[in-house]
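S.K.: have a look; sequence and predicted model below, questions after that.
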Amino acid sequence: MSHPLDDGLPLGGPPHAASAWTELEDHAKSELPHLRDLFADDPSRDIRMGFECADLWIDLSHQNLTDETMGFLVDLATQRQVVGTLQKTLIGDTVNSTEGRPAVHGAMRSPRAVVQGLAEVETGRATFDRMAALASEIRDGEARGATGRTVDAVVHLGIGGSHLGPALAVDALRHLTHPGVEVRFSSGIDPDDLNEALAGLDPETTLVVACSKSFTTLETLAALDGAMTWLSNGIGEAAIDHVIGVTAAPERARSLGLPEEQILEVPLGVGGRFSLGSAVGFSVMVAIGPEAFHEVLEGMHVIDVLSAAEPPEENAAVLLALVDVWNRCFLGRGSLAIVPYAHRLRLLPTHVQQVSMESLGKGVCQNSDDPETATGPVVWGAPGTDAQHAFFQLLHQGTDVVPVDLIAVARSLTDDDRSVHGQDLLVANLIAQADALAFGRTPDEVRTEGVPEDLVAHQTFPGNRPSTTILMPELSPSTLGQLIALYENRTIAMAALLGLNPFDQWGVELGKELATRIGDGLTNRDGAQDPSATELLRRYRSLREG
Ligand code: F6P
């Protein structure tokens, strides 16, 4: 059987066959200059290593790279045909080899003139029109519940990719949300989570959006069950009329009693973590309106076009991926911290965590070979400046070197003097952190401050710690779309460099299976038990029963 990637992508194998890989291995063994020296030798380094990508400014000057490193990395991108992979991905080619599926998220957000004729994409686009009609009805106060009252709240149930992107978008663009419609999220199987999302709402005026691509996810089905009970307590048998199903498995939604007109279909080729620009974004559309939602998609498309453009040395997604590969595979850095200096982007680290770790957390190449290199980093983070008071101590002086993405927005939502001053302080903090990480403080510099000798070592900062800065002009639907798409494409590019399939997630399946089995065992006392957790289960039962 021919491999789905044989045609044009003979690269789904380990990267070490590329000559640039060997060159990078040798290069990594040489002593790279300290960032302090790199800047001293080249004061224009930040200008040379900064570049525009649509409305974003990206600065790679604080990475542990020389021009020679960059040359080898770009060679690697060329040898691994990374831009070609991005091109294939973003027009909806069958790049998901292990599931024999296309990836159509990029095609879905491209104009008809760019991608047409793909049935899945056309279905997705038709769904956009239905979503817009429904969202507008709700926003215009024309949507009525079963008892005739106006809908004023939407509760989005979903988890993973069916939660993180939409929750990020609604939170980030909260300033654009409709004042008359409350949009809330619940991602968990934890009843406290659902109860909190429903608290204070009225079943007569609330719509529940059950968002699950597979419509089999335990967490979401359990939350839907709980929400149905809540709705039934308020409006009886009409509860089902208040549920919208968002799924790639409409037959499963129908089997739960949802009529066709209450189902919004997600194309199967839209991966969960890449699904914001599909029916999964319905709650976002309700919150910010169809027009602003389409601006998010347009922002994503702008980045897609740039991510599919040669040459690699001018392609932001590829350059960011190359830096990630350099840090992870050659310098042995195991994690990447995402630190947005913007309250409104506080959910970005969690979203990027799923995009990156579910895509790159793999130990096998597309062709089933061992990648023979480290693969995706652990991605984590929190908003600055809170992060500075939580984990920056370790970033500055800990024994692990953690590359950091520092993200800033130039203009805050309000432009009064107080806000402008606050924004200046925020960005000053980001710049200070990038400098402190890169340049550190030498023992002699500490001594000139009159620090007692026994404290000098404690107050010395090694520096040479890498960061990338991303500056956005403002937080708008378009720039948010750009930022999200850039992280997506950077992830896909890193997968292409390493020969991984970024679109499957087999590693999540085992836990899902076991949870169902153990859950059945808990519900029916005679059901399957987990022999390794007998005592924990016994204690849980006894605590539960009081
Ligand atoms: O966490 C595993 C996963 O399969 C993700 O890829 C997905 O985004 C999430 O579960 C939710 O899946 P679904 O949308 O099918 O409920």
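M.R.: Arrived safely, thanks for sending.
S.K.: what's near enough to touch Ala436?
M.R.: For Ala436, the contact set (CB atoms under 8 Å, 6 or more residues apart in numbering) comprises His396, Phe461, Gly463. Where you see a C-beta, it was placed from the backbone N, CA and C, and this is true even at glycine.
S.K.: which of these are buried? Put it as a ChimeraX command.
M.R.: Selection of buried members from those for ChimeraX, criterion 16 or more other CB atoms under 10 Å:
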select :396,461,463
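S.K.: tell me which element the residue nearest to the spatial centre of the chain falls in.
M.R.: Nearest to the geometric centre of the chain sits Val352, at 2.8 Å (CA atoms, centre = their mean). Assigned by DSSP states H and E, Val352 falls within helix 348-360.
S.K.: for that helix, packing partners?
M.R.: Packed against helix 348-360 by the contact rule (3 or more CB pairs under 8 Å, 6 or more residues apart in numbering; DSSP states H and E) you find helix 164-172, strand 335-341, strand 378-381, helix 477-498.
S.K.: helices and strands around the second one, which ones?
M.R.: Translated: strand 335-341. In terms of contact count using 3+ CB pairs under 8 Å, 6+ apart, strand 335-341 is assigned the packing partners helix 348-360, strand 378-381, strand 404-409, helix 417-439.
S.K.: and the residue of the stretch 1-150 of the chain found nearest the ligand, what does it touch?
M.R.: As assessed by CB to the nearest ligand atom, the ligand sits closest to Glu99 within the stretch 1-150 of the chain, at 11.6 Å. Applying CB under 8 Å, 6+ apart to Glu99 gives the contacts Phe503, Asp504.
S.K.: correct me if wrong, but it is in a helix.
M.R.: No: read with DSSP: H, G, I helix; E, B strand; the rest coil, Glu99 is coil and lies in no helix.
S.K.: tell me the pLDDT at it?
M.R.: Predicted confidence (pLDDT) at Glu99: the value is 92.
S.K.: coming back round to it: possible to save the helices and strands packed on strand 335-341 as a markdown table with mean pLDDT and distance to Val325?
M.R.: Shown next, in a markdown table, are the helices and strands packed on strand 335-341 (pLDDT from 0 to 100; distance: least, CB to CB, whole Å):
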| stretch | mean pLDDT | distance to Val325 |
| --- | --- | --- |
| helix 348-360 | 98 | 10 |
| strand 378-381 | 98 | 14 |
| strand 404-409 | 97 | 15 |
| helix 417-439 | 92 | 20 |
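S.K.: in a markdown table, list the ones you listed along with distance to the ligand.
M.R.: As requested, these are arranged in a markdown table below (distance: least, CB to the nearest ligand atom, whole Å):
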| stretch | distance to the ligand |
| --- | --- |
| helix 348-360 | 6 |
| strand 378-381 | 15 |
| strand 404-409 | 22 |
| helix 417-439 | 31 |
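S.K.: I'd say Ala167 and Ser187 touch.
M.R.: Yes: using CB atoms under 8 Å as the test, Ala167 is close enough to Ser187 to be in contact (7.4 Å).
S.K.: would it be right to say that Arg273 lies in a strand?
M.R.: No: the assignment for Arg273, made by three-state DSSP, is helix rather than a strand.
S.K.: can you pull the contacts of the closest residue to it other than its chain neighbours?
M.R.: Excluding the flanking residues, the one nearest Arg273 by CB to CB, 6 or more residues apart in numbering is Gly161, at 4.0 Å. Contact analysis of Gly161 by CB under 8 Å, 6+ apart lists Lys213, Gly271, Gly272, Arg273, Phe274, Ser275, Val280, Gln354, Glu358.
S.K.: can you check Gly145 too?
M.R.: Gly145 touches Val151, Glu204, Thr205, Thr206, Leu207, Ile235, Ala238, Asp241, His242, counting by CB under 8 Å, 6+ apart.
S.K.: again, only using 10 Å
M.R.: Counting by CB atoms under 10 Å, 6 or more residues apart in numbering, Gly145 makes contact with 151-152, 202-207, 231, 234-235, 238, 241-242.
S.K.: and Glu260, by the same measure?
M.R.: With CB under 10 Å, 6+ apart, Glu260 has these contacts: Gly245, Pro250, Ala253, Arg254.
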